[in-house]
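>>> Got a predicted structure plus its sequence, pasted below:
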Amino acid sequence: MEYNINSQRISIFSTIFIIILWDVLSTYYGRSLSLFLFILLIAIGLASFRFKFTIHTDHLIYEILLFNKPIIQKEIYPGQVNQLKLIRVGWAKKSAIIKVKKGINIRLSVLEPQEAYEHLIGFAEKHDIMIFKTKDYLILERMK
């Protein structure tokens, strides 16, 4: 199953970055068409990042896409995973952190659709991966 990750944090930080960059550059170089086009290209580049997560029967794939072309693709096999940690982010949204033995942990915030978390839990149970659910996550499970 293939799921999209809605990265709200990147969109907020990129918007703030664009505003600050526009303010600083227009202060030093004045407002010009070339400066506006440069900032516009940076904004388009930042807005074109996408994150995709795929659950296969025997492994997981985490991809970072730029203009729908994969720039980073990480395959994770069950032997590489220490723990699956399920947490709450925001007010009522689920998130998962895949803790790997070597490398950077993978944070799966706001997977769409929400059934992805149940599919991920099923993958972990099938491959005997330790699952840790925080108190806040358990409250979210009881609510729905």
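Looks like it arrived, so ask away. Residues are numbered from 1 along each chain as shown.

>>> any idea how far Phe36 is from the residue of the chain most remote from its centre?
Farthest-out residue of the chain from its mean C-alpha position, per C-alpha atoms, centre = their mean: Gly30, at 36.3 Å. Remark: distance between Gly30 and Phe36 (C-beta to C-beta, to the nearest Å) = 11 Å. No exception for glycine: its C-beta is placed from N, CA and C like everyone else's.

>>> Same question for Ala43.
Ala43 sits 10 Å away from Phe36, going by C-beta to C-beta.

>>> higher neighbour count, these two?
Each of Ala43 and Phe36 has its neighbours counted (other C-beta atoms under 10 Å); Ala43 has more, 16 against 13.

>>> Surely that one forms part of a helix?
Yes. With DSSP: H, G, I helix; E, B strand; the rest coil as the criterion, Ala43 is assigned to a helix.

>>> On the pLDDT front, check it for me.
Predicted confidence (pLDDT) for Ala43: 85.

>>> Gln73 too?
95.

>>> ok, residues contacting the longest helix seen in the chain?
Selection of the longest helix in the chain by residue count, based on DSSP state H, yields helix 8-29. Contact partners of helix 8-29, identified using C-beta atoms under 8 Å, 6 or more residues apart in numbering, comprise 35, 38-39, 42-43, 46-47, 49, 109-110.

>>> Go ahead and confirm Lys74 touches Asn105.
No. Under the criterion of C-beta atoms under 8 Å, Lys74 is not in contact with Asn105, lying 11.2 Å apart.
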